[in-house]
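Participant: below are the sequence and a predicted model; questions follow.
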Amino acid sequence: MSKKNTGLDFLEDPDALENKLEDVGDFFQQNRNIVLGIVGGLVLLIAGFFGYRAYLSSQDETAQVELFPSVYKLESDSLKQALNGDGRTPGLLAIADNYGSTSAGKLAEFYAGLSLLKQGKYDEAIDRLKAFSSSDLLVQARAYALIGDAYMEKKSYEEAADYYKKAADYKSNKFFTPGYLMKLAVAYEQAKQNDKAITTYNDIIEKYAQSAEAVSARKYKAVLEAAGGES
C-alpha cells in the first residue's frame, strides 16, 4: 500500500526540509519589500491601538476631574454654571464636546441633557440625550425616560410613549421598570390610545404586583375601563 502524501514529508526528510527552507528564503528575497511593509504595518497598527487606549485613559481621567464640579453645581440647581462652567472649570457642554469618546465625556452628555431639560430647553435636551449611549443598567434607561419627559413637556405624546417604552424595555427590572411603565401608560392616555394604556397598566399589575406603581395602575385602569377605554 502506497503511503498517502500528506504534504508534510519535510518533517521526516532533512533534504525536503532544507528545500522548503530554501523556498521560503527565495520567496522572502523576491518579496522583501512587501513582507517588511506588511510586518511594519502590523507593528504600527498594534502600537497605535495601545497608544490610543492609553490616550483615551488619560483623557478620561482628565474629563472625570473636570466633570465633578459641574455635577455638584447641577445637584445644587446652579444649572447655568453646570452647563457653561464658572470661569475656572469647564461646564458639561464643553466636557461632552471635548471628551465625547471617553466614559466621563459621555456621562457629561447625559448630565447636560438633564440640565437642559430642567431649564425648559426641551429640543436641546432631546438632542443631547439622544447623543448619549451607555450599556449601564440604570443610566441608559434613565436617558430614554428623560427624552420621554421632554416630549411630554412639548405635548408630543406619541414620541414620549416611544421613549418611555424604550426605557421600560431596556434591561427590565423590578426597581425602575414599573415607574417607566407608569409614565408610558400616562403618555398613551394623553395620546388618546386608551387601549394601549390599559394593556400597560395590566403589565404593571401582572409583572410587578409588589411594586408601589401596581396600586395606582389598578385604580387608573378601572377608571379607563369604566369610561369605556377599550371602545
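Facilitator: Happy to help now that I have it.
Participant: show me the domain layout of the protein.
Facilitator: According to automatic domain parsing, the chain comprises the domains 15-133, 134-231.
Participant: out of those domains, which one sits most buried?
Facilitator: With neighbours defined as mean count of other CB atoms under 10 Å, the domains of the chain peak in mean count at domain 134-231, which reaches a mean of 18. C-betas here are computed from N, CA, C, even on glycine.
Participant: output the domains of the chain as CSV; include the columns mean pLDDT.
Facilitator: Formatted as CSV, the domains of the chain follow (pLDDT from 0 to 100):
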stretch, mean pLDDT
domain 15-133, 78
domain 134-231, 94
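Participant: in this protein, which spans are helices?
Facilitator: 14-30, 32-75, 79-84, 92-98, 103-118, 122-131, 139-153, 157-169, 177-190, 194-207, 212-226 (DSSP state H).
Participant: what lies in contact with the fourth one?
Facilitator: I take that to be helix 92-98. 63, 66-67, 70, 74, 82-85, 90, 104-106, 108-109, 111-112, 115, 128 (CB atoms under 8 Å, 6 or more residues apart in numbering).
Participant: and residue 187, what does it touch?
Facilitator: 148, 152, 157-158, 160-161, 164.
Participant: try it again at 10 Å.
Facilitator: Contacts for residue 187 (CB atoms under 10 Å, 6 or more residues apart in numbering) come out as 148-149, 151-152, 156-165, 193, 196-197, 200.
Participant: swap in residue 180?
Facilitator: 141-142, 144-145, 148, 163-170, 172, 200, 204, 213.
Participant: let's see 7 Å
Facilitator: Going by CB atoms under 7 Å, 6 or more residues apart in numbering, residue 180 touches 141, 145, 164, 167-168.
Participant: ok, residue 116 next?
Facilitator: By CB under 7 Å, 6+ apart, residue 116 lies in contact with 124-125, 128.
Participant: do the same with residue 144
Facilitator: 163, 166-167, 170.
Participant: give me the contacts around stretch 75-91.
Facilitator: Here stretch 75-91 has contacts from 66, 69-70, 73-74, 92-94, 112, 115, 118-119, using CB under 7 Å, 6+ apart.
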